[in-house]
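what follows is a predicted structure for the sequence shown.
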Amino acid sequence: MDFGSKLKDLRNANKLTQEQLASKLSLSKANISKYEANFVEPNLDTLALIANIFNVTSDYLLGLPGKTIAHIPMDSYHPTHKIPVLGYISAGLPLYADEHIESYTYTDHNGGAEYFALRVKGDSMNAAQINDGNIIIVRKQGVVENGEIAVVRVGSEDATVKRYKQDGNIVQLIPQSFNPAHEIQIYNTKETEINIIGKVVECKIEF
């Protein structure tokens, strides 16, 4: 059986329309139609997402010998969402300004919240296993609990990633680093504007 036929059979077996599958893949219905008609083939990233949605292997979809369906219950699947990877977050620009977006990634975090990814610069949080070059997944929100890791903008500076603690008007941005050069930053909100952009919910390591 060819790829297009397998995709169509899996989609119908899981009672998904082409529109619904396209939405899960952040594609258009036309893309799904072309896949099922074998006019075009998905790239490797899209193929992996399709395999994840239907709990099969990429090799199974491609018809490679000796590869079978991965035995994972369908109800354990968490749909993925395409989110932007921001190279930095600077003051004076909207969060998703083109100047910020360097690429896109996917997350299975949902719950109706808004998420973005941020490429980490520096070693101020490496003791929390957030290293230079890692990608963190951030849930956009204006408030976090004390001790949570957050993306915070201080005044007109670029955003920073630190553990957040607030007691009245005093805010502490606490590094968690093996580098002793990083010290706790302390601000008075009456004197310095502090904006929480979001809470860090995941760190992804790229190889």
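Happy to help now that I have it. Numbering: from 1, shown residues only.

can you name the next helix or strand after the lowest-mean-pLDDT helix or strand in the chain?
Here the helix or strand of the chain ranked lowest by mean pLDDT, DSSP states H and E is helix 58-62, holding a mean of 78. Using DSSP states H and E, the next helix or strand after helix 58-62 towards the C-terminus is strand 81-86.

helices or strands up against whichever strand in the chain runs longest?
If you go by DSSP state E, the chain has its longest strand at strand 194-204. Secondary-structure packing of strand 194-204 (3 or more Cβ pairs under 8 Å, 6 or more residues apart in numbering; DSSP states H and E): strand 115-119, strand 135-140, strand 149-154. Heads up, the C-betas are built off the backbone N, CA and C, glycines and all.

mean neighbour count for those - can I get that in a markdown table?
Formatted as a markdown table, the helices and strands packed on strand 194-204 follow (neighbours: other Cβ atoms under 10 Å):
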| stretch | mean neighbour count |
| --- | --- |
| strand 115-119 | 21 |
| strand 135-140 | 20 |
| strand 149-154 | 21 |
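
mean pLDDT for the ones you listed - can I get that in TSV?
Formatted as TSV, the helices and strands packed on strand 194-204 follow (pLDDT from 0 to 100):
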stretch	mean pLDDT
strand 115-119	91
strand 135-140	92
strand 149-154	94
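
could I get those strands as a markdown table with distance to residue 45?
Below are the helices and strands packed on strand 194-204 laid out as a markdown table (distance: least, Cβ to Cβ, whole Å):
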| stretch | distance to residue 45 |
| --- | --- |
| strand 115-119 | 15 |
| strand 135-140 | 15 |
| strand 149-154 | 25 |
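
so which of those gets nearest residue 8?
strand 115-119 (30.8 Å; Cβ to Cβ).

in its sheet, which strands sit next to the closest one, and in what direction?
strand 81-86 (parallel), strand 135-140 (antiparallel) (DSSP bridges).

out of the helices and strands packed on strand 194-204, which comes closest to residue 166?
So among the helices and strands packed on strand 194-204, strand 149-154 is nearest, using Cβ to Cβ, at 10.5 Å.

packing partners of the closest one?
Under the contact rule (3+ Cβ pairs under 8 Å, 6+ apart), strand 149-154 is packed against strand 160-167, strand 194-204.

neighbouring contacts of that strand?
89, 91, 118, 125, 128, 130, 136, 138, 144, 159-164, 173, 185, 187, 192-200 (Cβ atoms under 8 Å, 6 or more residues apart in numbering).
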